[in-house]
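K.L.:
Predicted model and sequence follow; I will ask about them next.
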Number of protein chains: 2
Amino acid sequence: MGGDQAPDMVLKGIKIARTRHPHAHYLLHGNEAVLGPMVERDKTLAEVCDIRHAEGVVGNDEKPSQALRRGRDSSLWQAIQSVKEGEAAGMVSAGNTGAFMAMAKLSLRTLPGIDRPAIAAMMPTQRGDLVMLDLGANAECDADNLVQFAIMGEVFARTVLGLEKPTIGLLNIGTEDQKGTETLRQTSAILKTSSLPIRFHGFVEGDDIGKGTVDVVVTDGFTGNVALKAIEGTSKLYSAFIRGAFESSIVTRLGYLLVRSAVNKVRARVDPRRYNGAMFLGLNGIAVKSHGGTDPLGFANAVGVAVDLVSHGFNDTIKGEFMKVQRASGLDAKGLEEAANG
Amino acid sequence: MGGDQAPDMVLKGIKIARTRHPHAHYLLHGNEAVLGPMVERDKTLAEVCDIRHAEGVVGNDEKPSQALRRGRDSSLWQAIQSVKEGEAAGMVSAGNTGAFMAMAKLSLRTLPGIDRPAIAAMMPTQRGDLVMLDLGANAECDADNLVQFAIMGEVFARTVLGLEKPTIGLLNIGTEDQKGTETLRQTSAILKTSSLPIRFHGFVEGDDIGKGTVDVVVTDGFTGNVALKAIEGTSKLYSAFIRGAFESSIVTRLGYLLVRSAVNKVRARVDPRRYNGAMFLGLNGIAVKSHGGTDPLGFANAVGVAVDLVSHGFNDTIKGEFMKVQRASGLDAKGLEEAANG
C-alpha cells in the first residue's frame, strides 16, 4: 500500500468511500502485520475490507524498470494481479506513478485497438468539467497514439460525464492549420478527414483549458503533464494571493467574514481533492492513481472515480466503440493515417 | 502598425509611456494619411513622435512565409529596418507574432553564439517575478538551443531583474535525472557538467512556475507556449469564479466593499497587462512583442520593457557574456555537449 501517508490516509479514505458506495468491497494489499490490527480495531472497516498480505512495497523513488525487476512481491503488483484475475473490479493506488503504469501495462496489457494507455483526469473550467489526456504516461506520442487518445477521451466524456456529443480539441500553440509539430498536423488531418464518429473541434491552445472550449483535450504526456502542473501551480498562487488579501487588515478580515461562504464554494469548486483520481485509460482493467500527497477525502474521491469507471462499464464501451469505429471506417488507425496522407 | 485596435490603442499607449520615459522618442511606422492627423491633433504626441510612412501592413492571419515574400513595404519590415540601421534603439509591435519573429530573424540576425532567438516574458510567482523562455519562437529545440536560452535567461535576470546569482531550471515532467525526453537529459548534463558560470537548479515541473522555485525557467517554444497560455487561462478562470462569489448575494456584495482594495491589489499583481511585452532575445537588436489584444496601459508596459532592455545594454551584455563563457569553458556549446557525453 503506497502513498506519502499510507496506510493511515488510505484507511480513512476508505471509511469515507464506504458511506458513498455502500456496495463496494475492498481488498487491501499490504503488510498484514500492520494492516490487520488497524482494520480489526474499526468495525466499519472490518465489514468491507479483506487483507491480502504482500511482503514488499515499491518505493516512491524507484524507477519503473527497477520496480518491474524486483517488485513482484510488492503490494502494487499483487493489487494489479487481483484486477487481472478478476478478483477485483478495479484498483486505486497512491504509490509510485511510473511503477504503477509500467506494471499495469505489462500485466493488464492494452485493450484491442489501443497501442498505449494514457493518463486522464477531469479539470474545472468556466463551463463545467473537461477531461484531458495524456497527463504523463507517454512523454512522446505519434499521431496514432493521439487519435486513440481522442477516441478514449470521447468515450469517457460520453459514458462517465454523460455528454451526448462531446467535442474534442488537440492542444497546440495556435489554432491555424500550419501551427505546431508535424505530429499534430498529421493527427488533425486524420481526425478531420476520417469517418470517425467524433466531433473534432480542431486545435486548441493552453487557455482553452480554463475556458472550457471543448469537452476533451488531447495531448502528449509531456505537454499534458506540464500544462496540468502549471494549472495547479497557478491555482495555488491565486489562492495564496487571495488569502493574503483577506488577511491584510482588520477591515478585510471583517469583509472576509461576509464573503467566506461564497469563497469557500469557489475553493470547493477548484479543490484539487475534488479532481483527485487520474485514470489509466486503455488497459484491460480499471486502474486509478490517487495523488500521493492527498488526504482521506481526496483518496475517497479517487475510489469514486474507480467505482464510476466500473459501474459505467467503461472498458466494455471502449472495446465496443473501437470495433464500431473500425467497422464504420473499414480501417484501423494506421489505415486512417494513410487515408489522410494519400 | 499592427495590433487588434491599432493605431488608436498604440497612440494612447505612447501617451502613457511618454510620461514614464520622458527621454524616449518614437518612430511610428504606418500609413501617414491615417497617423498624421491623429498625431497632429495631439501636441503631447506630436512632440515625441515622428511618422515613417509605410504602404503595406502584415495581416494577423498571414503566414510568416507569406509576410516575408511580399511584406517588404510593410510597417513591420520598415520598423525592423529602423532598428537594423540604428535609427531606432529598439522596437515594439502588437502585430503578427510569427511574421515579426521571421522578419526580425532574417533582417537582424542572431547575436554571436546564438543559433536561434527565443521569446521570453516575465511571470508572477509566490516569490516575485521570474523569466521564462522560449514561449513560442521554436516549436522544437535541441540541447544547444536550450543551453543558449539558459545563458540568455541568466543574463536577463541578472541585468534587467537585477538578481545577483539567478537560478536556472529546465522544465520537465519530473525532477529525477531519468525523466523526460533525451533532449532534456542531454541539456541537463551539459548545464551540470560544464563550467558555465550559471547556477543550474536542475529540472523543474509545471507547478514550480507559480511557486517561483527558480528565477529562470528554460523550455522549448511548444511547451513554453502551452504552459504560458494554460497559466493565463487559469488566472481568468479564478478571476471569474472569485467575481462570481462576490456577486452571489447582498451579503457578499457588502463584504466585497470591505475587501475590494486588497483584492484590487491582487488583481494588479497578476494583471496580464503588467506582464505584457514578450522579448525576442538573441537578436542583433531589441524587439518586443506586445499582445495584440492589449489596451493602452499594456502597450505602455511593452514599451517599458523595450526601454529597459535598451537602457541596461542587454545585447552588449549578452555578447560579452557569451565571449566570457566561451573563454571560461574553452568550448562552444557543441563542444560542451561532446564534453558532457564523453
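P.N.:
Yep, that arrived. Residues are numbered from 1 along each chain as shown, chains lettered A, B, ... in the order given.
K.L.:
Could I get the full set of helices for the stretch 1-150 of chain A?
P.N.:
For the stretch 1-150 of chain A, the helices defined by DSSP state H, counting those that start in this stretch cover A:8-20, A:32-40, A:43-48, A:64-70, A:75-84, A:97-108, A:143-159.
K.L.:
what comes into contact with the next helix or strand after the last one?
P.N.:
So the one you mean is helix A:143-159. The helix or strand immediately downstream of helix A:143-159 is strand A:167-171, counting by DSSP states H and E. Residues from elsewhere that reach strand A:167-171 (Cβ atoms under 8 Å, 6 or more residues apart in numbering or on different chains): A:146, A:150, A:153-154, A:184, A:187-188, A:191, A:198-206, A:208-209, A:213-219, A:223-224, A:227, B:226. All C-beta spots, glycine's among them, are computed from the backbone N, C-alpha and C.
K.L.:
if we go to 7 Å?
P.N.:
Identification of contacts with strand A:167-171 by Cβ atoms under 7 Å, 6 or more residues apart in numbering or on different chains yields A:146, A:150, A:153-154, A:184, A:187-188, A:198-204, A:208, A:213-219, A:223, B:226.
K.L.:
what angle sits between that strand and helix A:143-159?
P.N.:
Put simply, strand A:167-171 runs at 140 degrees to helix A:143-159, going by axes from the mean of the first three to the mean of the last three Cα atoms, to 10 degrees.
K.L.:
average model confidence for strand A:167-171?
P.N.:
The pLDDT scores in strand A:167-171 average 98.
K.L.:
Could you list the buried residues of that strand?
P.N.:
Neighbour-count burial for strand A:167-171 flags A:167, A:168, A:169, A:170, A:171 (criterion: 16 or more other Cβ atoms under 10 Å in any protein chain shown).
K.L.:
max-length strand in chain A?
P.N.:
strand A:118-125 (DSSP state E).
K.L.:
Can you give the distance of that strand from its chain's centre?
P.N.:
6 Å (Cα atoms, centre = their mean, to the nearest Å).
K.L.:
what residue is smack in the middle of chain A?
P.N.:
residue A:278 (2.0 Å; Cα atoms, centre = their mean).
K.L.:
burial of the nearest residue to residue A:88 once chain neighbours are set aside, as a residue count?
P.N.:
The shortest distance from residue A:88 to any non-neighbouring residue, by Cβ to Cβ, 6 or more residues apart in numbering or on different chains, is to residue A:82 (4.2 Å). If you count neighbours by other Cβ atoms under 10 Å in any protein chain shown, residue A:82 ends up with 17.
K.L.:
Which residues are in contact with residue A:82?
P.N.:
Residues counted as contacts of residue A:82 (Cβ under 7 Å, 6+ apart) are A:27, A:52, A:88.
K.L.:
I figured the last one hits residue A:25, correct?
P.N.:
Translated: residue A:88. No. Counting by Cβ atoms under 7 Å, residue A:88 does not reach residue A:25; the two are 8.9 Å apart.
K.L.:
Give me the buried positions along stretch A:151-165.
P.N.:
Burial within stretch A:151-165, assessed by neighbour count using 16+ other Cβ under 10 Å, is assigned to A:151, A:152, A:153, A:154, A:155, A:156, A:157, A:158, A:159, A:160, A:161, A:163.
K.L.:
Look up how far chain B lies from residue A:162.
P.N.:
Using Cβ to the nearest Cβ, to the nearest Å, we find residue A:162 at a distance of 22 Å from chain B.
K.L.:
Okay, that residue and residue B:30: tell me how far apart.
P.N.:
Separation of residue A:162 from residue B:30 (Cβ to Cβ, to the nearest Å): 53 Å.
K.L.:
what sits against the closest residue to residue A:180 other than its chain neighbours?
P.N.:
Nearest residue to residue A:180, sequence neighbours excluded (Cβ to Cβ, 6+ apart): residue A:172, at 4.2 Å. Contact analysis of residue A:172 by Cβ under 7 Å, 6+ apart lists A:179, A:180, A:184, A:203, A:205.
K.L.:
Also residue A:276?
P.N.:
Contacts of residue A:276 were listed using Cβ under 7 Å, 6+ apart, and they are A:290, A:291, A:294, A:298, A:301, A:302.
K.L.:
Put together CSV for these, with secondary structure, pLDDT and distance to chain B on each row.
P.N.:
As requested, these are exported to CSV (DSSP: H, G, I helix; E, B strand; the rest coil; pLDDT from 0 to 100; distance: Cβ to the nearest Cβ, whole Å):
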residue, secondary structure, pLDDT, distance to chain B
A:290, coil, 93, 17
A:291, coil, 88, 12
A:294, coil, 89, 15
A:298, helix, 93, 16
A:301, helix, 94, 20
A:302, helix, 95, 19
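K.L.:
so which of those residues is the most crowded?
P.N.:
Of all the contacts of residue A:276, residue A:290 has the most neighbours under the rule other Cβ under 10 Å, reaching 29 neighbours.
K.L.:
so that one touches residue A:299, yeah?
P.N.:
Yes. Using Cβ under 7 Å, residue A:290 is in contact with residue A:299, at 5.3 Å.
K.L.:
Find residues that contact each of these two.
P.N.:
Common neighbours of residue A:290 and residue A:299 (criterion: Cβ under 7 Å, 6+ apart): residue A:94.
K.L.:
From the rest of the structure, what touches the longest strand of chain A?
P.N.:
The contact list for strand A:118-125 (Cβ under 7 Å, 6+ apart) reads A:129-138, A:149, A:152-153, A:156, A:209-212, A:221, A:269-270, A:275, A:278-282, B:237.
K.L.:
what's the average pLDDT for it?
P.N.:
Averaged over strand A:118-125, pLDDT sits at 94.
K.L.:
do the same with stretch A:156-163
P.N.:
pLDDT averaged over stretch A:156-163 gives 88.
K.L.:
ok, what's across the strand from the residue nearest to the centre of chain A?
P.N.:
residue A:289 (DSSP bridges).
K.L.:
and residue A:88 and residue A:25? which has more neighbours close in?
P.N.:
residue A:88 (22 against 12).
K.L.:
on that earlier part again, name the nearest of the buried residues of stretch A:151-165 relative to chain B.
P.N.:
Distance to chain B, by Cβ to the nearest Cβ, is smallest for residue A:153 among these, at 17.2 Å.
K.L.:
For the closest one, which residues are in contact?
P.N.:
So residue A:153 contacts A:120, A:131, A:133, A:168, A:216, A:218 (Cβ under 7 Å, 6+ apart).
K.L.:
Dump these to TSV, plus distance to residue A:311.
P.N.:
Formatted as TSV, those follow (distance: Cβ to Cβ, whole Å):
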residue	distance to residue A:311
A:120	17
A:131	17
A:133	21
A:168	24
A:216	21
A:218	25
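K.L.:
closest to chain B among those?
P.N.:
Once Cβ to the nearest Cβ is applied, the member of the contacts of residue A:153 that ends up nearest chain B is residue A:218, at 12.7 Å.
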